[in-house]
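**Q** my questions are about this predicted structure, shown below with the sequence.
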Amino acid sequence: MAFYRAQPSYLYPAVPFTGEIQGGLQDGLQITVNGCVHPGASRFAVNLQAGFNENNIAFHFNPRFELGGYVVCNTKQNGQWGAEERKMSMPFQKGVPFELCLLVQSSHFTPSGSGHANLNPVTPTVLPPMAQSPQMFPTPGIPPTMYPSPTYPMPYFSSIPGGLYPSKSIIVVGTILPNAKRFHINLRSGSDIAFHLNPRFDENAVVRNTQVRGSWGSEERQLLRPMPFRRGQSMSVWIMCDSYCFKVAVDGQHLLEYNHRLKNLAAINNLEVNGDVQLTHVQA
């Protein structure tokens, strides 16, 4: 099991497990849980909760294997459950590994991932305000172990099995070198570059573009907020493929959208990272 963000991952913790989400929940934050359903399981749960106990749970995600299988979603406030939302399907399989991605947005949570079918957005019956920054804390007496992630060789190349599709996420975590000039993340389709994300410190810009048959298209540079990358600091880049665009979040905060110029998403099946950055975690 692991949580992917700028913070280190929790690797192979004992279950039941409780761990802190540094900074609490924020709009655009993605939490990833990797695991394997026990062959004899009847149900399991993933909770995003505030405090040391389970009196206040912002999001309760509870697959149950009874009655053909279904998923219960709910919120608990001051020890009281709200009205359940039930998804009458079972996207998990006993004895099979899974990856569960929870996307936190201001009005709802969106569960998705690989190893199971994607689920619809869930709006909690009662959702504590984001300003309260609900967190998950280590269980007293059972401190989880956090390990730094290994570094990756640069330049970094990886295949994307099956290519891209709506809701597919790419996560790149690392540290920007102190004297960095620029680096890039490319999503490639053969020799073409479907999405070129290129932070440039020498120009104080985040350039986006597409290259087809060796020719670049028109650059996009406009941002709705200041340059989010800083020399010498860690960074977490999350790229989600939507049906019409790529959505990019940096350190848990939405940064930009980039409309697809290459429409065959399944053919976009390689990731490339290069430049003045040291990688510590990549999920493709």
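**A** Cool, the structure landed. Residues are numbered from 1 along each chain as shown.

**Q** so how far is residue 258 from residue 222?
**A** Residue 222 is 11 Å from residue 258, where distance means C-beta to C-beta, to the nearest Å. The C-beta positions use only the backbone N, C-alpha and C, and glycine is treated the same way.

**Q** mind listing the strands for the stretch 51-200 of the chain?
**A** Per DSSP state E, counting those that start in this stretch, the stretch 51-200 of the chain has strands spanning 57-64, 70-77, 80-81, 85-87, 97-104, 109-112, 146-147, 156-159, 169-176, 183-189, 192-200. These are given in chain order.

**Q** over to residue 275: give its phi and psi.
**A** The phi/psi pair for residue 275 (degrees, to the nearest 10) reads phi 120, psi -160.

**Q** surely it meets residue 176?
**A** No. With contacts defined as C-beta atoms under 8 Å, residue 275 does not count as touching residue 176, sitting 9.2 Å away.

**Q** between the two, which one's more packed in?
**A** When neighbours are counted by other C-beta atoms under 10 Å, residue 176 comes out ahead of the other of residue 275 and residue 176, with 20 against 17.

**Q** the more buried one pairs with what?
**A** Here residue 176 sits in beta bridges with residue 277, going by DSSP bridges.

**Q** over to residue 187?
**A** In this entry, residue 187 is beta-bridged to residue 195, residue 271, by DSSP bridges.

**Q** please apply the same query to residue 238.
**A** residue 171, residue 249.

**Q** now for it, how many residues are close by?
**A** Residue 238 is surrounded by 27 other residues when neighbours are defined as other C-beta under 10 Å.

**Q** and what of residue 33?
**A** As a burial measure, the neighbour count of residue 33 was computed by other C-beta under 10 Å and equals 19.

**Q** you'd agree it is up against residue 102?
**A** Yes. If you go by C-beta under 8 Å, residue 33 and residue 102 touch, sitting 7.5 Å apart.

**Q** common neighbours of these two, please.
**A** residue 46 (C-beta atoms under 8 Å, 6 or more residues apart in numbering).

**Q** now residue 173: closest residue in space that isn't a chain neighbour?
**A** Counting by C-beta to C-beta, 6 or more residues apart in numbering, residue 281 is the residue found nearest to residue 173 once chain neighbours are left out, at 4.0 Å.

**Q** let's verify the one you found: helix, strand, or coil?
**A** strand (DSSP: H, G, I helix; E, B strand; the rest coil).

**Q** report the separation between it and residue 184.
**A** With the distance defined as C-beta to C-beta, residue 281 ends up 18 Å from residue 184.
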